[in-house]
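Colleague: Sequence and predicted structure, then a few things I'm wondering about:
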Amino acid sequence: MPCNGTEVFQSVGRHFLQIPGPTNVPERVLRAVAAPTIDHRGPEFARLATELLERLKTVFMTRHHVVVYPSSGTGAWEAALVNTLSPGDKVLAFETGHFSTLWCEMAARLGLVVDLIPGDWRHGADPGLVAEHLTGDVAAVMVVHNETSTGVRSRVPEIRAALDRAGHPALLLVDTISSLGSMDYRHDEWGVDVTVGCSQKGLMLPPGLGFNAVGPKALAHRGRLPRSYWDWEPIIAANRQGFFPYTPPTNLLYGLREALDMLEEEGLPAVFARHDRHAEATRRAVRAWGLEVLCADEREYSSSLTAVLMPDGHDADAVRRLILERYDMSLGTGLGRLAGRVFRIGHLGHFNDLMLAGTLSGVEMGLAGAGVPVKQGGVRAALAYLEETG
Ligand SMILES: Cc1ncc(COP(=O)(O)O)c(C=O)c1O
């Protein structure tokens, strides 16, 4: 097939979907989603929902309720804000990258006053800056746990500790959209009030489910922002009988049951360790190529994706395009101010050693093919680490 920039050169074999979400959906989950839709007001559905609402708590590491929306992550962001805050409330946020910026833009559109602590998109939220910005009128602190645009993890427990040291009552709202089910995260233990998540990343599902894990303080602190569809109260009330106040995404819930089975079979600590190990192998490959990982602080490395900085004068999107056309692999593009400067390797979800080996081989061949001055041996360095630690 001719390579004209839109058609994929290699159309046989399997596509490598190595963007940091949506991720590869396991066959088991796809088959589960394909089961016939049932009556969402009947007893079989009530049993399914009751089971899932209980089991979901494990993934968030919470004893409290998890609200499930038929939505993308953006919807779950909005739900977290409109349920807890009132017009004119001040929120404190950290500019860790593209997604933290978008969440703040949403907050401002909803009528909140945003104090955005500037950042360089190479570091996580700085716990050391919390105290000086934590004026008495701050109603909530917003943190993106894993900034998908940069591959940087924010140290949520340290942000919590800074709030506690100040004795400040602000709610802590955390986005775990690209860390849930792939990186260690503990809603209750870390004292988070609302955790925002969604289906299409670590949970290995197609896009379409948004989540809010809601702690008791958040539930008690109902804001006055207008809300209807996103309102937790009617949803939680209906959930008590295993129902929803609207038509739920039944088939995605079948998929969720299967995905939770898979996560339970592997065990969450093993899931996190697998992601940590693949992330470290990826960073070894990047360094062996002579390139730089965007994340500048090793305490803040993401385990679900790695953003790779391009040498000056080389366009990351040209490399991504070549890799897609020649090797049928999709990598994440640079977002916002990082457009053209980074590409992102997703190594999360349904993913194993050989998938990582294939992914890094595609990147290594693509960099060479695009004329980027890199050293060979990145794949070898990653494989050596996988062999050592396998
Ligand atoms: C960290 C983070 N927050 C929010 C979003 C927005 O989620 P969605 O695109 O599902 O609306 C994304 C999407 O990738 C994300 O990575």
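Modeller: Yep, it's here.
Colleague: that's a helix at T195, yeah?
Modeller: No: according to DSSP: H, G, I helix; E, B strand; the rest coil, the state of T195 is strand, so it is not within a helix.
Colleague: Skipping its backbone neighbours, what lies nearest it in space?
Modeller: Take T195 and drop its neighbours on the chain: the residue closest to it by Cβ to Cβ, 6 or more residues apart in numbering is A213, 4.0 Å away. The C-beta positions use only the backbone N, C-alpha and C, and glycine is treated the same way.
Colleague: quick one: secondary structure of the one you found?
Modeller: Classification of A213 using three-state DSSP returns strand.
Colleague: The ligand versus that one, what's the distance?
Modeller: When distances are taken as Cβ to the nearest ligand atom, to the nearest Å, A213 and the ligand turn out to be 15 Å apart.
Colleague: Run a quick neighbour tally on that residue.
Modeller: For A213, the tally of surrounding residues (other Cβ atoms under 10 Å) stands at 29.
Colleague: Any idea how far apart the tips of stretch 365-384 sit?
Modeller: Its first and final residues considered, stretch 365-384 spans 18 Å by Cα to Cα, to the nearest Å.
Colleague: how many other residues sit next to the closest residue to R14 other than its chain neighbours?
Modeller: Leaving aside its chain neighbours, R14 sits nearest to D328 (8.0 Å; criterion: Cβ to Cβ, 6+ apart). D328 has 18 neighbouring residues, counting by other Cβ under 10 Å.
Colleague: pLDDT wise, what is the closest residue to the ligand within the stretch 151-300 of the chain at?
Modeller: Distance from the ligand to each residue of the stretch 151-300 of the chain (Cβ to the nearest ligand atom) is smallest for I177, at 3.7 Å. Per-residue confidence at I177 stands at 98 (pLDDT).
Colleague: Just want the phi and psi numbers for it.
Modeller: The phi and psi values for I177, taken as degrees, to the nearest 10, are phi -60, psi -40.
Colleague: That one reaches G197, doesn't it?
Modeller: Yes: contact between I177 and G197 holds when scored by Cβ atoms under 8 Å: they sit 6.1 Å apart.
Colleague: intersection of neighbour lists for those two?
Modeller: Residues touching both I177 and G197 (Cβ atoms under 8 Å, 6 or more residues apart in numbering): G73, A76.
Colleague: Which residue does the protein have closest to the ligand?
Modeller: For the chain, Cβ to the nearest ligand atom, closest residue to the ligand: G73, 2.7 Å.
Colleague: That residue: what's it in contact with?
Modeller: If you count contacts by Cβ under 8 Å, 6+ apart, G73 has them with D175, I177, V196, G197, C198, G210.
Colleague: so how far is L180 from it?
Modeller: 10 Å (Cβ to Cβ, to the nearest Å).
Colleague: Check R55 and give its pLDDT.
Modeller: The predicted local confidence for R55 comes out at a pLDDT of 98.
Colleague: cool, and V363?
Modeller: Predicted confidence (pLDDT) for V363: 98.
Colleague: what about it, how many residues close to it?
Modeller: The burial count assigned to V363 is 28, neighbours taken as other Cβ under 10 Å.
Colleague: And the one 10 residues further on, by the same measure?
Modeller: Neighbour count of P373, defined by other Cβ under 10 Å: 12.
Colleague: pLDDT wise, what is it at?
Modeller: P373 carries a pLDDT score of 97 in this model.
Colleague: Quick check: the closest residue to it other than its chain neighbours vs D89, distance?
Modeller: Leaving out its chain neighbours, the residue that sits closest to P373 by Cβ to Cβ, 6+ apart is P311, at 6.4 Å. Using Cβ to Cβ, one obtains 44 Å as the distance from P311 to D89.
Colleague: So which of the two has more stuff around it?
Modeller: For P311 versus D89, neighbours defined as other Cβ under 10 Å are more numerous around D89 (22 against 12).
Colleague: How is the residue nearest to that one when sequence neighbours are not counted assigned, secondary-structure-wise?
Modeller: If the residues on either side of it in the chain are set aside, D89 comes closest to A139, at 4.0 Å by Cβ to Cβ, 6+ apart. Using three-state DSSP, the three-state assignment for A139 comes out as strand.
Colleague: which residues does the residue nearest to T195 bridge with?
Modeller: Beta-bridge pairing for A213 (DSSP bridges): V66, T195.
Colleague: you'd agree it is up against R186?
Modeller: No: counting by Cβ under 8 Å, no contact exists between A213 and R186, whose distance comes to 10.7 Å.
Colleague: Give me the common contacts of those two.
Modeller: For the pair A213 and R186, no residue contacts each of them under the criterion Cβ under 8 Å, 6+ apart.
Colleague: and the host helix or strand of L252, is it in reach of the ligand?
Modeller: Following DSSP states H and E, one finds L252 within helix 250-266. No: Helix 250-266 does not reach the ligand (Cβ under 6 Å from any ligand atom); its nearest approach is 13.1 Å.
Colleague: First-to-last residue distance for stretch 322-332?
Modeller: 13 Å.
Colleague: circling back: output the contacting helices and strands for the next helix or strand after the helix holding L252.
Modeller: Using DSSP H and E, the helix or strand that directly follows helix 250-266 along the chain is helix 268-289. Taking 3 or more Cβ pairs under 8 Å, 6 or more residues apart in numbering; DSSP states H and E as the contact definition, the neighbouring helices and strands of helix 268-289 are strand 292-293, strand 305-309, helix 353-369, helix 378-389.
Colleague: got the buried residues for helix 268-289?
Modeller: Across helix 268-289, burial judged by 16 or more other Cβ atoms under 10 Å covers 268, 271-272, 274-286, 288-289.
Colleague: Quick one: distance of it to the chain centre.
Modeller: Relative to the chain's own centre, helix 268-289 is displaced by 16 Å; criterion: Cα atoms, centre = their mean, to the nearest Å.
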